[in-house]
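A.B. asks: Next one to model:
(one chain, ligands or ions: 1)
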Amino acid sequence: MIRSNPEEMIRKTMAKFVDNEVIPVARELDEKGEFPEALFKKLADMGILGIRYPKKVGGSGGNTTLYCIAMQELARGLMSLAATVAMQCLMATNGLYLYGTKEMHEKFLRPALKGKKIGAFQLTEPDAGSDLGAVKTRATRTRDGYVINGMKTWSTSGTKGDFHTVLCQTDPDKGLKGLGFFLIPSDTPGFSHSKRFDTLGTRTSSLSEIYFNNCHIPSEYRLGEEGRGLNVLLTILAEIRVMTASLALGLHRAAMDDSIKYCKERIAFGKPIARYQLIQAKIANMAVNLEAGSLMVDKVVRLIDKKIPCLNEATMAKYFTVESACKTSDEAMRIFGGYGYSMEYPVQRYYRDNRFLLYGGGTHEVLQTTIAREILKK
Ligand SMILES: Cc1cc2nc3c(=O)[nH]c(=O)nc-3n(C[C@H](O)[C@H](O)[C@H](O)COP(=O)(O)OP(=O)(O)OC[C@H]3O[C@@H](n4cnc5c(N)ncnc54)[C@H](O)[C@@H]3O)c2cc1C
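C.D. replies: A predicted model of the protein is given here:
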């Protein structure tokens, strides 16, 4: 594949950053489960948080291709850092960028792209995950704005967010057609959150529940039209899915690289385990799946940058790369034998962290259903 210079540059810069600054602290961050404040700030200074936004709003003037290359490299180092940054770059800020006023851009967007404010994005509720029609968090019109009541769960950066892009129901009789997005700053009276969730993987993501108790917000904090929440989500759904696929590629690469190194070093029955064909088969499958997934992601990011609709291709890329990353981290654990089970080696972290990718951006059962629906309707 021929890559133009900005793509090579971002890949090299991010690879260096990940090797020198992320990998050395990844284990400690994962164990502590704290928000990776210092790395987040450094990435902001490097312009990564604004990578897919134009310079006029404080971005770096890049595109989806560059964004996904950066996220891929970051996920190679630490998935939960990549997930937090990916959220800040896209879901937490895109509605604000598209529908926010100039004042809102100055107050929230520009500081977010510079790492001075943290954003979060909330669809999920305790009784509404894949089924967004079941969202109950209510936005009720007042004379000069809205009052928000309800709760959300599984909010990435939930305990750290300065502002929240939240999917609310404006008219319960309308179901999916009553949904809309609203910006809710965390200093709004009535806003609160739970303590950080204790999770299997992505432990630095500051996941929490979020509560809205009579939160009053002005009308301009509605992001897009009332009742058009699903359409707002659809404008970035392909990008969310290809971003998730990019995170999977990064994790896949880390697990594969570690496996290659280990199988050349580990001696069993007088020779490196790399010489056994069953180990070679695992490495071959890892490499083939990584290559195939990379080609799928590369196709989708370029379609997105050309503004060509590609939701089904993005869904397939997410499904394939995440399933491959899950398989690869499982195989990596086996190549490491008993040592794969020790916290000393990062393969166990890849195995834990990859589970998050199975839910974020859509569960795989739902994705399979939508891929099949698209194909069967032809
Ligand atoms: C680490 C992590 C971070 C997250 N971050 C965020 C975040 O920042 N913001 C946010 O809004 N959400 C976030 N989520 C939530 C995530 O988006 C949801 O977990 C996901 O949408 C699935 O919802 P659910 O967990 O309620 O599962 P459910 O939707 O209840 O699904 C349960 C099971 O039923 C299956 N299922 C459901 N519907 C169908 C169907 N139609 N056909 C076949 N099978 C079906 C699912 O595939 C799954 O196996 C996060 C989750 C995790 C684990």
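A.B. asks: Show me which residues of the stretch 51-200 of the chain sit near the ligand.
C.D. replies: Selection of the stretch 51-200 of the chain residues close to the ligand by Cβ under 6 Å from any ligand atom yields 121-124, 129-130, 154-156. For the C-beta atoms, the positions are set from N, CA and C on the backbone; glycine is no exception.
A.B. asks: distance of residue 312 from residue 376?
C.D. replies: To residue 376, residue 312 is 12 Å away according to Cβ to Cβ, to the nearest Å.
A.B. asks: Looking at the two, which is more packed in?
C.D. replies: Neighbour count, other Cβ atoms under 10 Å: between residue 312 and residue 376, residue 312 has more, with 16 against 7.
A.B. asks: unless I'm mixing things up, that one is touching residue 373, no?
C.D. replies: No. In this structure, residue 312 is not within contact of residue 373 by Cβ atoms under 8 Å, at 9.2 Å.
A.B. asks: still on that earlier bit, for the residues of the stretch 51-200 of the chain next to the ligand, give me TSV that also has neighbour count, secondary structure and pLDDT.
C.D. replies: Shown next, in TSV, are these (neighbours: other Cβ atoms under 10 Å; DSSP: H, G, I helix; E, B strand; the rest coil; pLDDT from 0 to 100):
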residue	neighbour count	secondary structure	pLDDT
121	27	strand	98
122	29	strand	97
123	22	coil	97
124	20	coil	98
129	15	coil	96
130	14	coil	96
154	21	strand	97
155	27	strand	97
156	25	coil	96
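A.B. asks: Strands of this protein, residue ranges please.
C.D. replies: Using DSSP state E, the strands of the chain run over 119-122, 138-141, 145-155, 163-169, 179-185, 191-193, 208-218, 222-223, 267-268, 271-272.
A.B. asks: Reformat these as TSV; add distance to residue 12.
C.D. replies: Listed next are those as TSV, based on distance: least, Cβ to Cβ, whole Å:
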stretch	distance to residue 12
strand 119-122	28
strand 138-141	45
strand 145-155	34
strand 163-169	32
strand 179-185	36
strand 191-193	38
strand 208-218	36
strand 222-223	36
strand 267-268	34
strand 271-272	30
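A.B. asks: how far away is the residue lying closest to residue 127 once chain neighbours are set aside from residue 122?
C.D. replies: Leaving aside its sequence neighbours, residue 127 sits nearest to residue 134 (Cβ to Cβ, 6 or more residues apart in numbering; 5.8 Å). Separation of residue 134 from residue 122 (Cβ to Cβ): 14 Å.
A.B. asks: what do you get for residue 92?
C.D. replies: From residue 92 to residue 122 the distance is 9 Å (Cβ to Cβ).
A.B. asks: my guess is residue 79 contacts residue 202, does it?
C.D. replies: Yes. Look at residue 79 against residue 202 with Cβ under 8 Å: they come within range, at 5.7 Å.
A.B. asks: any common contacting residues for those two?
C.D. replies: Common contacts of residue 79 and residue 202, defined by Cβ atoms under 8 Å, 6 or more residues apart in numbering, comprise 353, 356.
A.B. asks: So for the two, which sits in the more crowded spot?
C.D. replies: residue 79 (32 against 28).
A.B. asks: quick one: contacts for residue 218?
C.D. replies: With contact set as Cβ under 8 Å, 6+ apart, residue 218 has these partners: 144-145.
A.B. asks: beta partners of it?
C.D. replies: residue 145 (DSSP bridges).
A.B. asks: Need the pLDDT of it.
C.D. replies: Looking at residue 218, its pLDDT is 97.
A.B. asks: Assess the claim that residue 93 and residue 118 are in contact.
C.D. replies: No. Using Cβ under 8 Å, residue 93 makes no contact with residue 118, being 10.4 Å away.
A.B. asks: Now the common contact residues for those two.
C.D. replies: residue 112.
A.B. asks: More neighbours: which of the two?
C.D. replies: residue 93 (28 against 25).
A.B. asks: ok, the more buried one to residue 207 distance?
C.D. replies: For residue 93, the distance to residue 207 equals 19 Å [Cβ to Cβ].
A.B. asks: Over to residue 297?
C.D. replies: To residue 207, residue 297 is 25 Å away according to Cβ to Cβ.
A.B. asks: Of those two, give the one with the bigger neighbour count.
C.D. replies: Between residue 297 and residue 207, counting by other Cβ under 10 Å, residue 297 is the more crowded of the two (27 against 24).
A.B. asks: Look at that one and report its pLDDT.
C.D. replies: If you check residue 297, the pLDDT there is 98.
A.B. asks: Just to check, it is in contact with residue 319?
C.D. replies: No. Using Cβ under 8 Å, residue 297 is not in contact with residue 319; the gap is 12.0 Å.
A.B. asks: Who are the contact partners of residue 60?
C.D. replies: Going by Cβ under 8 Å, 6+ apart, residue 60 touches 47-48, 50-51, 53.
A.B. asks: Can you name the residue of this protein nearest to the ligand?
C.D. replies: residue 129 (1.8 Å; Cβ to the nearest ligand atom).
A.B. asks: which ones are touching that residue?
C.D. replies: Shown in contact with residue 129 (Cβ under 8 Å, 6+ apart): residue 363.
A.B. asks: and residue 33, how many neighbours does it have?
C.D. replies: Neighbour number of residue 33 under other Cβ under 10 Å is 17.
A.B. asks: and the closest residue in space to it that isn't next to it in sequence, how far is that from residue 68?
C.D. replies: Leaving aside its chain neighbours, residue 33 sits nearest to residue 203 (4.0 Å; criterion: Cβ to Cβ, 6+ apart). As judged by Cβ to Cβ, residue 203 and residue 68 stand 24 Å apart.
A.B. asks: Those two: which is more packed in?
C.D. replies: Shown here are residue 203 and residue 68; by other Cβ under 10 Å, residue 68 has more neighbours (29 against 23).
A.B. asks: Skipping adjacent residues, who's closest to residue 119 in space?
C.D. replies: Among residues not flanking residue 119 along the chain, residue 92 sits closest, at 2.9 Å (Cβ to Cβ, 6+ apart).
A.B. asks: where in the stretch 101-250 of the chain is pLDDT low?
C.D. replies: Counting by pLDDT under 70, the stretch 101-250 of the chain contains no low-confidence range.
A.B. asks: That concludes my questions; thank you for your assistance.
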